[in-house]
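Asker: Could you look at this predicted model? Sequence included:
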Amino acid sequence: MKRPTIADIARRAGVSKGAVSYALNGQPGVSEATRQRILAIAQEIGFNPNSAARALSGSTANAVGLALCRPARILGIEPFFMELISGVEAELSARSYALTLQVVADPEAEIAVYKQWWGERRVDGVFVCDLRIDDSRVPVLEELQLPAVVIGGPEHTGELACIWADDAAALGETLEYLVALGHRRIARVGGLPELLHTEIRSRAFAEVGQRLGVEAVTVSSDYTGEEGARATRRLLSSAHRPTAILYDNDVMAIAGLSVAQEMGLAVPGDLSIVAWDDSALCQLTHPPLTALGRDIPAYGAHAARQLLAAIEGKKIGAYQHETAHLTPRGSTAPPR
């Protein structure tokens, strides 16, 4: 688990370690051009001279990091991340570890955070969420040799450990249930299309729909109630409106329920609704929402155990968690 050192900077800059020390400490002895080149390399690899003494001591940070590329306002209303973090925290606190959480604007900013955390010995490992296809974060973390656990996968994780669930199987169960009720026009309001788990769900939704001989249409959204409501209005205003809609999270499903009622459609008489990631919110609506659920705190706790084992130097691979199971409630019924 190698952290950046003065020797790394010297090797990349083609100068001596003494020259690097002069440049980093603002002392004479190097040209201005060399100083700027050394400072740029130090920033690029995440070296911070203020943390050099702590790094040399070999002490651990007793903290792990989670950088999330999501708007902070969404994190505050989405139960999934709150439940995931609660499971992570329960496991970490038992081992006297802290969780460092930072919201970032884009994957490039997330990579910069990883380099800074690792270079300054602020964390001993990180969780990686919202995996993307050909994710640029994966090779960077491999190069940094920063212990990491991807929450998602199992594809496109490189050599990093991961914890994942079979979303395709859960989608198949849900579509088969809706078809058994008699639905033939089924829509899905998906999450962010660039995320790997969204792509896996979209592909499975189309394939299972084709196998069952029903119309299965996916529209993209961003997990917010506002966008979930807009997507629902478009679907319900179409000439061939669906008789059932599956939403990729509970917040969008609740927004969709409100839109259906606003448009004078009875749920479940005119429209059946299914939410992904069951939560207390799904059980407080009228009617309560049929939902796909799993033990998300346990998911987070297992991810934490994987990361702590990786920090200890143990070889950690992919772990398949339980598949989400369907809980029928009052929002699904045969179509009229």
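Answerer: Here it is on my side, so go on.
Asker: only C-alpha atoms for contact and neighbour calcs from this point on.
Answerer: OK.
Asker: Find the residue closest to residue 34 in space, skipping its chain neighbours.
Answerer: residue 23 (7.8 Å; Cα to Cα, 6 or more residues apart in numbering).
Asker: wait, is that neighbour part of a strand?
Answerer: No. Counting by DSSP: H, G, I helix; E, B strand; the rest coil, residue 23 is not found in a strand; it is helix.
Asker: Tell me, what's the model's pLDDT at it?
Answerer: In this model, residue 23 is scored at 84, pLDDT.
Asker: And for the one 4 residues further on?
Answerer: At residue 27, the pLDDT value in this model is 76.
Asker: What is the neighbour count of it?
Answerer: Applying other Cα atoms under 10 Å, we find 11 residues neighbouring residue 27.
Asker: Provide the secondary structure category for it.
Answerer: Going by three-state DSSP: residue 27 is coil.
Asker: Next: residue 67.
Answerer: Using three-state DSSP, the structure places residue 67 in strand.
Asker: Would you check that the residue nearest to residue 34 makes contact with residue 35?
Answerer: Yes. If you go by Cα atoms under 8 Å, residue 23 and residue 35 touch, sitting 4.9 Å apart.
Asker: if we look at the helix or strand where residue 93 lies, which residues are touching it?
Answerer: Taking DSSP states H and E as the criterion, residue 93 maps to helix 79-94. By Cα atoms under 8 Å, 6 or more residues apart in numbering, the residues outside helix 79-94 that reach it are 75-76, 98-99, 277, 279, 296-305.
Asker: ok, which stretches of the stretch 51-200 of the chain are helices?
Answerer: 52-57, 72-75, 79-94, 107-119, 137-144, 167-181, 196-212 (DSSP state H, counting those that start in this stretch).
Asker: okay, those in JSON lines with distance to residue 231 and mean pLDDT next?
Answerer: Below are the helices of the stretch 51-200 of the chain laid out as JSON lines (distance: least, Cα to Cα, whole Å; pLDDT from 0 to 100):
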{"stretch": "helix 52-57", "distance to residue 231": "50", "mean pLDDT": "45"}
{"stretch": "helix 72-75", "distance to residue 231": "17", "mean pLDDT": "71"}
{"stretch": "helix 79-94", "distance to residue 231": "21", "mean pLDDT": "93"}
{"stretch": "helix 107-119", "distance to residue 231": "26", "mean pLDDT": "91"}
{"stretch": "helix 137-144", "distance to residue 231": "31", "mean pLDDT": "93"}
{"stretch": "helix 167-181", "distance to residue 231": "20", "mean pLDDT": "96"}
{"stretch": "helix 196-212", "distance to residue 231": "16", "mean pLDDT": "95"}
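Asker: Surely residue 160 touches residue 140?
Answerer: No. With contact defined as Cα under 8 Å, residue 160 does not reach residue 140; the gap is 10.9 Å.
Asker: contacting residues for residue 323?
Answerer: 165-167, 169-170, 294.
Asker: Off-centre distance for stretch 221-241?
Answerer: 23 Å (Cα atoms, centre = their mean, to the nearest Å).
Asker: cool, stretch 314-325 as well?
Answerer: With Cα atoms, centre = their mean, you get 15 Å for stretch 314-325.
Asker: ok, now stretch 282-298?
Answerer: With Cα atoms, centre = their mean, you get 20 Å for stretch 282-298.
Asker: Can you give me the first-to-last residue distance of that stretch?
Answerer: Terminal residues of stretch 282-298 lie 20 Å apart, using Cα to Cα, to the nearest Å.
Asker: So that it lines up with my notes, have the first residue be 757 from now on.
Answerer: That works, and once the first residue is 757, the last one we named lands at stretch 1038-1054.
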